[in-house]
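# sequence below, structure please.
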Amino acid sequence: MRVRFIHMGDTHLCRTYPQPIAHERVAAFNAAFKHVVERAIEEKVDFIIHAGDLFDKIHPWPSVVGFVKRQVKKLNDARIPIYVVRGNHDGSFDSEGIIRGSSIDLANYPELKNFHFIDPLFDRVRFTPLGTVGFRDFQGKLRIIGVGYSGHYVDSYLDRYVAPVLSSSMRNLLILHTFIEGYTSLPPGEPYLPLNRLEGLRVDYVAVGHDHDHRKPKTLSNGAVIVCSGSTAKWDFQESDEKGFYLVELSNGDVKADFIPIPSEHQMSMLTVKPETPQPPSWFLEEAIKELKRLASSTSKKLIVRIVMRGQLSKGSPLDISKAKIDEVTNELRKSGRLLYYDVAPPDVNVAMETVKLTAEGFDVQGFLNKALNEQRLSSIAFLIYQEVKSAFSDDENLTREGNLKEEVLERIKRRIKDSFELD
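So this is what the prediction gives:
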């Protein structure tokens, strides 16, 4: 048996962050998806597997849904099936385990016979062909099993939904949307599946989504090959620059997986300014401008930039690091069409304690907030919250024996902050 397919994932269609350039970002993610579809048709692959997070949100723009349907129709016309599992961004279940829908269903309609949304939980409530819950068979050669994002239940779902449907007569391909301990990145507190948990399964290929940085193929002790394709476009500033998909060939027990980069017209970069020794505010500004100019001269791509400043000030305060000088440079880049977006993260700098002196009248908190937030409404809200917190600490009834705020007082203040700033 020989099959060739494309393994992609985390396409995050309808990604609108940063919000000021939402349309440019949506177009960039669409372009990456279209690139993969065109390559699939050019390569005449047998099928495509998508390892979750087709969309970036459960309610994508109608125009993006229409775009996906047009791309899937191209694949349909070329007789290329696409098998998709649910990522955490595609929709999931509420705290009581009740299905609350998935954006993936929006991309499907009866005329598209090649679009297969595989999910053992969703399959049970949709009109899925009898006997194919949680899997689809490809031409009697290959069983494609899919488990969407399952949080901390992913381990138990292998026993419940994967093991019972493994084929003894066909080769098995498993699609997961989860972090894998010992293979992918593992953010603190995030659910994961141990790598050795997969070694007890009779599978030939494990396609992994969720980690946005692609990983080299790894052969497990049972002969299975695990591959993480990463995202098709840069989702956030912290990710690696290289994005793409895998072109895979299964034949006679062998697995060959080649990573194919996807070109992008954008350069999304986080520029970090950090001195080795304490420096004045002017140093941070000058270095930030140097880094920005260096980046602009190193690429012809349109720039999406975040500037981060860390370290210690030798004098002054973080408020003395004004981005007005940086704006002069960015305004020129914007005029030339080189800069799409930039922001400056709040400076994460420490003030040398010997430079901090309070006057006899104390520290002007309200004046500080006015200057820091530069917006009367926000500074007024922040000052009221400051007064409430200060008042809470001054009343022993609100404090624990250790001097911290009691849980109910802390929750009240949290609710006040959320309501005041209209946070979810």
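
# how close does Gly230 get to His212?
According to C-beta to C-beta, to the nearest Å, Gly230 stands 6 Å off from His212. Every C-beta, even on glycine, is put in place using the N, C-alpha and C of the backbone.

# sorry, slip of the keys, the one I care about is Asp159.
28 Å.

# the more surrounded of these two?
More crowded of Asp159 and His212, by other C-beta atoms under 10 Å: His212, with 24 against 10.

# that one against Trp235, yeah?
Yes: shown here, His212 and Trp235 form a contact pair, counting by C-beta atoms under 8 Å, at 5.4 Å.

# which neighbours do these two have in common?
Taking C-beta atoms under 8 Å, 6 or more residues apart in numbering as the criterion, His212 and Trp235 both touch Asp10.

# distance of the closest residue to Leu220 other than its chain neighbours relative to Ser221?
The shortest distance from Leu220 to any residue other than its chain neighbours is 4.9 Å, reached at Glu199 (C-beta to C-beta, 6 or more residues apart in numbering). Using C-beta to C-beta, Glu199 is found at 5 Å from Ser221.

# returning to that earlier point: now for Gly230 and His212: what residues contact both?
Listed as contacting both Gly230 and His212 by C-beta under 8 Å, 6+ apart are Asp10.

# any idea how far the lengthiest strand in the chain is from the chain center?
For the chain, the longest strand by residue count, based on DSSP state E, is strand 302-313. Mean C-alpha position of strand 302-313 versus that of the full chain (C-alpha atoms, centre = their mean, to the nearest Å) differs by 20 Å.

# what are the buried residues along stretch 291-300?
Neighbour counts over stretch 291-300 (16 or more other C-beta atoms under 10 Å) mark 291-292, 295-296 as buried.

# I meant to write stretch 224-232 there.
For stretch 224-232, using 16+ other C-beta under 10 Å, the buried residues are 224-232.

# that one: end-to-end distance?
24 Å (C-alpha to C-alpha, to the nearest Å).

# that one: how far from the chain's middle?
15 Å.

# state the mean pLDDT of that stretch.
Averaging pLDDT along stretch 224-232 yields 98.

# and Ala392, that's in a strand?
No: looking at Ala392 with DSSP: H, G, I helix; E, B strand; the rest coil, it is helix, so not inside a strand.

# list the contacts of it.
Ala392 neighbours (C-beta under 8 Å, 6+ apart): 398, 405, 409, 413.

# related to what we said a few turns ago, dump the buried residues of stretch 224-232 into a markdown table; add secondary structure as well.
Output for the buried residues of stretch 224-232, formatted as a markdown table (three-state DSSP):
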| residue | secondary structure |
| --- | --- |
| Ala224 | coil |
| Val225 | strand |
| Ile226 | strand |
| Val227 | strand |
| Cys228 | strand |
| Ser229 | coil |
| Gly230 | coil |
| Ser231 | coil |
| Thr232 | coil |
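
# related to what we said a few turns ago, from the contact counts, what lies against the longest strand of the chain?
Judged by 3 or more C-beta pairs under 8 Å, 6 or more residues apart in numbering; DSSP states H and E, the packing partners of strand 302-313 are strand 266-273, helix 281-298, strand 339-344, strand 348-351.

# angle of the second one against strand 302-313?
Angle, helix 281-298 to strand 302-313, by axes from the mean of the first three to the mean of the last three C-alpha atoms, to 10 degrees: 150 degrees.

# list of residues touching helix 281-298?
267, 269, 271, 273, 275, 303, 305, 307, 309, 311, 313, 315-318, 320-322, 325-326, 329-330, 333, 338-339, 342, 344, 347, 349.

# longest helix in this protein, by residue count?
helix 22-43 (DSSP state H).

# state the mean pLDDT of that helix.
If you average the pLDDT values across helix 22-43, you get 98.

# and the buried residues of stretch 224-232, which is closest to Arg15?
Ranked by distance to Arg15 (C-beta to C-beta), those are led by Ser231 at 9.4 Å.

# who's in contact with that closest one?
Each residue near Ser231 by C-beta under 8 Å, 6+ apart is listed here: 9-12, 53, 212, 239, 243.

# do that again at 10 Å, thanks
8-12, 15, 29, 32, 53, 209-214, 239-240, 243-245, 262 (C-beta atoms under 10 Å, 6 or more residues apart in numbering).

# can you map out the strands along the stretch 51-200 of the chain?
For the stretch 51-200 of the chain, strands defined by DSSP state E, counting those that start in this stretch occupy the ranges 82-84, 115-117, 135-138, 142-147, 171-177, 179-181, 192-194.

# report the strands that pair with the third one, each with its relative direction.
It stands for strand 135-138. Note on strand 135-138: by DSSP bridges, its sheet partners are strand 142-147 (antiparallel).

# repeat that for the fifth one.
Here strand 171-177 has these sheet partners by DSSP bridges: strand 142-147 (parallel), strand 205-209 (parallel).
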